[in-house]
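**Q** generate coordinates for the sequence data below:
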Amino acid sequence: MNTPFGLANLWLEGDAVTRFVALTLLTCSVVTWVILLSRIWDLRRLRKLTAELDQFWRATSYEQGLSAFTNSVSNPFYQIAKAASTASIHHQSQSSNHRELLQTLNYSEWMSRSIKNSIDSVAASLQKGLTFLGSTGAITPFIGLFGTVWGIYHALIAISSSGSAQIDQVAGPIGEALIMTALGLAVAIPAVLSFNALNRANKLFVADLNRFGNDLLAYFVTGARVKSGE
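**A** The predicted structure follows:
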């Protein structure tokens, strides 16, 4: 006897709740992979920009160093360097007759805070999508479990209404309902792995930004970059 079971039959025979759960899991899965692939592409592009730092520090002037960066609009190193230059000019341009709160900080403290704020802004932009991945990894197993419970409940109602509870009539509908749990795990596992991988990659890149920021601070305060190992 032909008794088709599977995803197609689950969709065709399922009610509005079952279809809503399936669409929710599908949407979460699609968005997860879009975030993962787009963030991998972004991080690869950003990692390549670190090669430009050597050209920046070899420049004969600060403005020439800024021009060594490519894609200045989306280059975090350029943004931090430009913000540091702007902060330095702004602090030094204040006269005693127009004293601002920033002058309660000495030049070194002002530059340190300005550079740190720029790095924090870039680091915050790197977090885009991570909240969704973390939430997806946490809740989709339970969404899938809810779909399974809902499907088993309706399967048992249908079996009791038929007045027959033979194993072949029970195993099919209940096994079909368990697909929801598997779908929930299939969405959650990539989301969790993506969250951990991207979070680690972000930390490594932020470490590069912090090193660059420390070098900038040394340059503006002492007039020379502190080389690694000094």
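**Q** longest helix in this protein, please.
**A** helix 179-222 (DSSP state H).
**Q** my guess is residue 53 contacts residue 77. True?
**A** Yes - when contacts are counted by CB atoms under 8 Å, residue 53 is listed as touching residue 77 (6.5 Å). Bear in mind the C-beta positions are built from the backbone N, C-alpha and C, glycine included.
**Q** which of those two has more residues huddled nearby?
**A** Comparing residue 53 with residue 77 by other CB atoms under 10 Å, the one with more neighbours is residue 77, at 23 against 18.
**Q** what about that one, which SS state?
**A** What DSSP: H, G, I helix; E, B strand; the rest coil gives for residue 77 is helix.
**Q** that one contacts residue 48, correct?
**A** No - when contacts are counted by CB under 8 Å, residue 77 is not listed as touching residue 48 (11.3 Å).
**Q** near the residue nearest to residue 92 when sequence neighbours are not counted, how many other residues are there?
**A** Once flanking residues are discounted, residue 92 sits nearest to residue 107: 7.6 Å by CB to CB, 6 or more residues apart in numbering. Close neighbours of residue 107, defined as other CB under 10 Å, add up to 15.
**Q** and residue 35, by the same measure?
**A** Neighbour tally, residue 35, other CB under 10 Å: 20.
**Q** what's the spacing between residue 79 and residue 202?
**A** 16 Å (CB to CB, to the nearest Å).
**Q** what about the most centrally placed residue in the chain, distance to residue 155?
**A** Nearest to the geometric centre of the chain sits residue 130, at 3.2 Å (CA atoms, centre = their mean). According to CB to CB, residue 130 stands 38 Å off from residue 155.
**Q** same question for residue 86.
**A** 66 Å.
**Q** quick one on the thing from earlier: list residues touching both of residue 53 and residue 77?
**A** Jointly contacting residue 53 and residue 77 under the rule CB atoms under 8 Å, 6 or more residues apart in numbering are residue 212.
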